[in-house]
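J.: give me a 3D structure for the following:
(chains A and B)
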Amino acid sequence: MIIDINFIGLIIASIMASAVPLILASCGELITERSGVLNLGVEGMMIIGAISGFALMTVTGSLIIAIFGAMLAGVLISTIFAFLTQTLITNHVATGLALTIFGIGISAMIGKNFVGIPGKEFPVLFEGLKDTIPLLGPILFGHSIVFYFAFALPFITSYFLKKTKIGLIVRAVGDSPESASNQGINVRLVRYACILYGGAMSGLAGAYLSMIYTPQWIENMTGGRGWIALALVVFSTWNPIKILIGAMIFGGLTIIQFHMQAIGVRIPVQFLTALPYIVTIIVLVVISRDSRKIRLSTPSSLGKSFHKDN
Amino acid sequence: MHKFFIRSFVSSLVLLFTFTVAAIAKDVKAAFVYIGPTGDHGWTYQHDVGRKAVEAAGFKTTYVEGVPESADAERVLRQLANSGHDVIFTTSFGYMNPTNKVAKEFPNVKFEHATGYKREHPNVSTYAARFYEGRTILGTIAGTMTKSNIIGYVASFPIPEVIRGINSFTLAAQKVNPNIKTKIVWAFTWYDPGKEAEAAKALIDQGADVIAQHTDSTAIVQMAEKAGVYAFGQASDMDKFAPKAVLTSVENNWGPYYVDRVKAVANGTWSQKDTWHGIGDGMVVISDLDSQMPADLRSKVKKLQADLASGKVHSFTGPIYDQKGNLMVAEGKTADDGMLAGMMTYVKGVEGDIPK
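T.: Next comes the predicted model:
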């Protein structure tokens, strides 16, 4: 088989497309966790986003309403989580797991009427420029707006956390809610906002799957990507740029193993299928082994409830 | 004291009477156990269409979806058998052992297991469809329509059902076009739209211009539509998901069999059976042929369909060789059901190895 340069471009483009939902959900969850809240409901919020986006697209016919509606649905369901964990001070882990189960169930219920309906074509940008530059053409052009947003998001997130005042407040709340509270920061408000933001990003990730990546609704269509997104946040040691790297490696190996099968490389397929999980973890552990840095970026109060005595 | 006895006696009588009436007037209740969600628009969805046909025929049905092929399956089966169901359909290969195990405990409940081969107790029947006949038709179309002579095939798990499909498809494609190559990619899932789409994309990027699938979601035909190549619908008619790409679909039609069997339970004529129906009995249905196919191909396919139905043509007619060139089926012979049921070797012309 001849491997030409455009073929490599095509592969990289498919890798990037498969990484989009992971990046979106991980970057959202990262902000939530940086504020000290562990939300294990990513999978549930994603699937709610997926069905909401698809349902709104089918009913209203408007892609813009569908995309924003999916984000709003993510916000709404994460509000339940925020209310339970922040106002009623319930356990983060248990509530998050419940949120996932709830999300999968309710999405299946809403989705009953949307099975077997084909999705709409989502517009792509710069389609005409695709063939103008070899290699880079298919990588840079001909993608949806959500795709471009996803690849900008890790950098925006990094800038937000490091350089802005609000980012500093989020980190302060996550590291030491008591000190932040004594400084006059409304811890509960900040955490609420971060949870809702995480919900919006998970919702968008779900909508990407049901509206752009594989435009259709079928039950459980997120297929565990929410859990992978959660794992990426931890293994990247709460660093958005490393999330980008992790998501690319994970998506990349999934796709490259299919290519290796199609070419006829004689490696046991089961091994190839497990490869993405193994290699992503190894790489992220290796690039984040500086324990001083890990301690700096790990939100010290992660998963702990904060109750202000007044 | 006297009053108390009379009361107990009367109430016992009433109770007994109610139970007897309930037992006599009891409708036949059928239960269905599904591996996936009914909303998959594929395998489980088609079984559920069959279940609805049973409802339409006037019987009560229950279903449990998303049941893992593990100890969970036994628990679900026991519960269904305990709660007054007369016949239970278990619709995935992996339910084979749980079905037989629970059937032993409930000799009065009938069990129907799809795609399996174990009938250890007289109350267990098995049924399956000869999907490979449908794949003979798809192979004929693929071999004729391909221009690159590379045909992609997204497979799920290396079990005889899937291998048989790959072989039947490849043999038919080779017959019309000896130069074709079938490239197989194992997705190791029955149902994950994202992964299936990625597998299809990899095949398309490597030059495949016709994609066949043995996984359940519509993601593959949609990917084919986007890339401008041909594909075939799996389990249900997927034409509306990819009107340009889908040339035809092989539909699973369980309804008639289910109605038949539930009626047999109601009439008391149910007996153990091993059913393997194909195009001829209407368990495998070929959807409308797309008009993009040349007219002579369409009439050829129609004829092939009729010949497969009448038994004039068999999907596995010799000479058939395996990848190493060993003779599998001699000239003029056809593969028997035993060979088909245990088929775990590729025929000549399929690339790669079967994952072990």
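
J.: can you tell me the element the residue most central in space within chain A falls in?
T.: For chain A, residue A:25 is the residue whose C-alpha lies nearest the centre (Cα atoms, centre = their mean; 1.4 Å). For residue A:25, the host element (DSSP states H and E) is helix A:5-34.

J.: just how off-centre is the next helix or strand after that helix within its chain?
T.: The first helix or strand that comes after helix A:5-34 along the chain, using DSSP H and E, is helix A:42-60. Centroid displacement of helix A:42-60 relative to its chain, using Cα atoms, centre = their mean, to the nearest Å, is 15 Å.

J.: per-residue confidence at residue B:224?
T.: Residue B:224 carries a pLDDT score of 95 in this model.

J.: what does the helix or strand where it lies contact?
T.: Per DSSP H and E, residue B:224 falls inside helix B:219-227. For helix B:219-227, contacts defined as Cβ atoms under 8 Å, 6 or more residues apart in numbering or on different chains pick out A:118-119, A:214-216, B:154, B:193-194, B:196-197, B:199-201, B:204, B:211, B:213, B:230-234, B:238, B:241-246. C-beta here means a position set from N, CA and C on the backbone, and glycine is covered the same way.

J.: I only care about these that end up buried; give me the ChimeraX line for that.
T.: Only the buried entries of the contacts of helix B:219-227 go into this ChimeraX selection, using 16 or more other Cβ atoms under 10 Å in any protein chain shown:
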select /A:118,119,214,215,216 /B:154,193,194,196,197,199,200,201,204,211,213,230,231,232,233,234,238,241,242,245,246
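
J.: restricted to strands, list the contacts of helix B:219-227.
T.: B:154, B:211, B:213, B:230, B:231, B:232, B:233, B:234, B:246 (DSSP state E).

J.: going by distance to residue A:6, which of those residues wins?
T.: Closest to residue A:6 out of the ones in strands among the contacts of helix B:219-227 is residue B:211 (20.4 Å), distances taken as Cβ to Cβ.

J.: give me every residue that touches that closest one.
T.: By Cβ under 8 Å, 6+ apart, the neighbours of residue B:211 are B:151-154, B:200, B:203-204, B:220-221, B:223-224, B:229-232.

J.: 10 Å instead?
T.: Residues near residue B:211 by Cβ atoms under 10 Å, 6 or more residues apart in numbering or on different chains: B:142, B:151-154, B:183, B:185, B:199-201, B:203-204, B:220-221, B:223-224, B:227, B:229-232, B:245.

J.: likewise for residue A:101?
T.: Per Cβ under 10 Å, 6+ apart, neighbours of residue A:101: A:41, A:43, A:44.

J.: and the gap between it and residue A:108?
T.: Taking Cβ to Cβ, to the nearest Å as the measure, residue A:101 falls 11 Å from residue A:108.

J.: likewise residue B:182?
T.: For residue B:182 relative to residue A:108 (Cβ to Cβ), the value is 36 Å.

J.: so for these two, which residue has more residues nearby?
T.: Using other Cβ atoms under 10 Å in any protein chain shown, the more surrounded residue of residue B:182 and residue A:108 is residue B:182, with 26 against 21.

J.: for that one, give the beta-bridge partners.
T.: Beta-bridge pairing for residue B:182 (DSSP bridges): residue B:151, residue B:350.

J.: these two touch, right, it and residue B:352?
T.: Yes. Between residue B:182 and residue B:352 there is a contact under Cβ atoms under 10 Å: 9.2 Å.

J.: what touches both of those two?
T.: residue B:346.

J.: which residues sit in contact with residue A:227?
T.: A:25, A:40, A:42, A:43, A:46, A:100.

J.: and the pLDDT for the first one?
T.: In this model, residue A:25 is scored at 97, pLDDT.

J.: helices of the chain, residue ranges please.
T.: No chain in the question, so chain A it is. A:5-34, A:42-60, A:63-82, A:92-111, A:136-140, A:145-163, A:165-175, A:177-182, A:187-207, A:225-235, A:240-263, A:269-287, A:291-297 (DSSP state H).

J.: let me rephrase: I mean chain B.
T.: B:2-25, B:43-56, B:71-82, B:96-105, B:131-145, B:160-176, B:193-205, B:219-227, B:255-267, B:295-310, B:337-341.

J.: looking at the stretch 251-356 of chain B, which residue is nearest chain A?
T.: residue B:355 (3.9 Å; Cβ to the nearest Cβ).

J.: that residue - how many residues pack around it?
T.: The number of residues near residue B:355, taken as other Cβ under 10 Å, comes to 17.

J.: how many other residues sit next to the nearest residue to it once chain neighbours are set aside?
T.: Of all residues beyond its chain neighbours, the one nearest residue B:355 is residue A:269 (3.9 Å), with distances taken as Cβ to Cβ, 6 or more residues apart in numbering or on different chains. Residues near residue A:269, counting by other Cβ under 10 Å, number 24.

J.: return the set of buried residues in the helix holding residue A:25.
T.: Neighbour count says helix A:5-34 has A:7, A:9-34 buried, by 16+ other Cβ under 10 Å.

J.: near chain A, which residues of the stretch 51-200 of chain B? Just list them.
T.: Residues of the stretch 51-200 of chain B lying close to chain A by Cβ under 10 Å from any Cβ of the partner chain are B:65-66, B:150, B:152-155, B:158, B:181, B:183-189, B:191-200.
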